[in-house]
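Enquirer: 3D model of this:
(one chain, ligands or ions: 1)
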Amino acid sequence: MSYGAARTFAATFKYLGIDAEPVPAGDEKTLELASRHTSGEECLPARVTLGNFLKITEEPGFDPSKAAFFMPTSEGPCRLGQYAPFMRFAFKDMGYDDLMILSPSSKDGYGDFGGLLESFVKLGWMGIVGSDALRKMLYKYRPYENEPGTVDEVYRKSLEDFSEVLEDRDIPLKKKLAALTFSLERARTGFRVVPVDWEKERLLIGVIGEIFCRMSTFSNQDLIRKLEGLGGQAWLSDISEWIWYTNEEEGDKLSLYNRKFSLDMITLMMKKYVQHKYEKKLLAPLEEEFAGLEEPHNVNEILKRSLYYLPSRGAKGEMTLSAGKAVYLYDKGVDGIIDISPFTCMNGVVAEAVYPEISRDHDDIPIRIFYFDGSTTNLENDLEIFMELARNYNRRKKKLRLKNQTV
Ligand code: SF4
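Expert: Down below sits the predicted model:
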């Protein structure tokens, strides 16, 4: 998870009366601690998450009986479903038998949350939408700033403001949406007053791939900042895209099992309706800002584009999203596409197999996958070569981009 999303989830927990903090950022120590419990064959996100949790256990005064780690899970072939059981083993090895790993699952109707479920789901969703939007503002403005660091600072303050509103228990749930929308309006003002030069030449690069690795700056060696240093502007796929996809999957499953007209389907439709409503309201102040960088109105706009390459009915998870999003980004006029994936992740491996065909079918747009395994590589060299290809493509491309700079 990105720092922004983790911060807003922590705020959600705080609103519900549970003290919470985002895990610390990854560093050398993260991998060193994780390596005491791993064989090296685990996914990089598993090692980074475990290592960061372990860093907390090393903090002075850490009391396992008063701590819990939040580690969402999922079903299916992806190894994410194994993270929580794997971590329980690791903590058991350390003698922390009772250390709680809060791992809500759709299997038991998210029973871990008890009566807090409705508030958690609503606030958690607002947090995801808000943190996605602020990150998008960061990546829109930062490549054009006149003074390095100013946009990072506005982002940090805006995220803090948004999270403080989210966790403020004096603002009741029914007034949260309006208060958070107002916070995003303040953020917009903050970004707009940063001195920038929109005339700087920048190549727009779509960034897709495995959700954790593409969001975790430690795991991907801060690829986006390096890309910006080489004249790029990143358009990173949101976290909310994954939530829309899981909704779609749930609907497909219900239809498949003849439950198209069931209570579960009605619940799902209502959930989607509420999520859309919240998203629309929250993002209204930023609509003009994101002109030319619009996310699809519906995840099916992505899935229909992956149909020929990795159809969502057969190829599940991020691989189908990555293939479809690559085509979507091409349609929006980006100059190149980067996929960030952990080494050995099947999603990346499968998507990589179809990228050459996607590129051929779309004017040979450069698409390059970057794998990460926790070791440092000379990323800059490879990025420089990629940017040269993107520059060449930019000169001859047929799909033009709608310039989005405003104010
Ligand atoms: S998507 Fe890949 S890296 Fe991420 S948890 Fe699943 S298998 Fe591991």
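Enquirer: measure residue 211 to residue 65 for me?
Expert: From residue 211 across to residue 65, the span is 32 Å (CB to CB, to the nearest Å). For glycine as for every other residue, the C-beta is placed from the backbone atoms N, C-alpha and C.
Enquirer: pLDDT below threshold where in the stretch 251-400 of the chain?
Expert: Residue ranges of the stretch 251-400 of the chain with pLDDT under 70: none are present.
Enquirer: ranges for the strands of the stretch 251-400 of the chain?
Expert: For the stretch 251-400 of the chain, the strands defined by DSSP state E, counting those that start in this stretch occupy 336-342, 367-372.
Enquirer: Could you check the last one against the ligand for contacts?
Expert: What it means is strand 367-372. No - Strand 367-372 lies out of reach of the ligand by CB under 6 Å from any ligand atom, never closer than 9.8 Å.
Enquirer: Which secondary structure elements does that strand sit against?
Expert: strand 336-342, helix 346-361, helix 379-396 (3 or more CB pairs under 8 Å, 6 or more residues apart in numbering; DSSP states H and E).
Enquirer: for these, which one sits closest to residue 317?
Expert: With CB to CB as the criterion, residue 317 lies closest to helix 346-361 of the helices and strands packed on strand 367-372, at 5.8 Å.
Enquirer: Show me what the closest one packs onto, helices and strands only.
Expert: strand 203-209, helix 318-331, strand 336-342, strand 367-372.
Enquirer: Now do the same contact list for the spatially most central residue of the chain.
Expert: For the chain, the residue sitting closest to the mean C-alpha position, by CA atoms, centre = their mean, is residue 239 at 3.3 Å. Neighbouring residues of residue 239 by CB atoms under 8 Å, 6 or more residues apart in numbering: 1, 2, 5, 128, 131, 132, 211, 215.
Enquirer: dump the residue contacts of the fourth one.
Expert: Residue 128 is in contact with 5, 8, 239, 240, 243, counting by CB under 8 Å, 6+ apart.
Enquirer: and what of residue 3?
Expert: Residue 3 neighbours (CB under 8 Å, 6+ apart): 22, 25, 217.
Enquirer: Among these, which ones are in strands?
Expert: Counting by DSSP state E, none of the members of the contacts of residue 3 fall within strands.
Enquirer: Just say helix, strand or coil for residue 194.
Expert: What DSSP: H, G, I helix; E, B strand; the rest coil gives for residue 194 is coil.
Enquirer: From residue 225, how far out is the residue lying closest to it once chain neighbours are set aside?
Expert: Leaving aside its sequence neighbours, residue 194 sits nearest to residue 150 (CB to CB, 6 or more residues apart in numbering; 5.1 Å). Separation of residue 150 from residue 225 (CB to CB) stands at 14 Å.
Enquirer: swap in residue 162?
Expert: Distance of residue 162 to residue 225, computed by CB to CB: 22 Å.
Enquirer: With neighbour numbers in mind, choose between the two.
Expert: residue 162 (27 against 16; other CB atoms under 10 Å).
Enquirer: host element of the more buried one?
Expert: Assigned by DSSP states H and E, residue 162 falls within helix 150-167.
Enquirer: For residue 368, give the beta-bridge partners.
Expert: Beta bridges link residue 368 to residue 338, judged by DSSP bridges.
Enquirer: Surely it is in contact with residue 338?
Expert: Yes - between residue 368 and residue 338 there is a contact under CB atoms under 8 Å: 5.8 Å.
Enquirer: Neighbour count for the two, which is higher?
Expert: Neighbour totals were compared for residue 368 and residue 338, and residue 338 leads with 27 against 18 (other CB under 10 Å).
Enquirer: Give me the pLDDT value at residue 80.
Expert: Here, the pLDDT recorded for residue 80 equals 84.
Enquirer: Touching, residue 113 and residue 120? I think so.
Expert: Yes - Residue 113 lies in contact with residue 120 (CB under 8 Å); the separation is 5.4 Å.
Enquirer: Compare the two (neighbour count), which wins?
Expert: Neighbour totals were compared for residue 113 and residue 120, and residue 120 leads with 21 against 15 (other CB under 10 Å).
Enquirer: Which helix or strand contains the more buried one?
Expert: Assessed by DSSP H and E, residue 120 sits inside helix 117-141.
Enquirer: ok so, going back, so which of the helices and strands packed on helix 346-361 comes closest to residue 46?
Expert: Comparing those by CB to CB, strand 336-342 comes nearest, at 9.0 Å.
Enquirer: now the angle from the closest one to strand 203-209?
Expert: 30 degrees (axes from the mean of the first three to the mean of the last three CA atoms, to 10 degrees).
Enquirer: okay, now the residue of the stretch 101-250 of the chain at minimum distance from the ligand: neighbour count?
Expert: Nearest residue of the stretch 101-250 of the chain to the ligand, counting by CB to the nearest ligand atom: residue 210, 4.8 Å away. Residue 210 has 29 neighbours, counted by other CB under 10 Å.
Enquirer: ok, back up a step: against residue 162, how distant is the residue nearest to residue 194?
Expert: Taking CB to CB, one finds residue 150 at 19 Å from residue 162.
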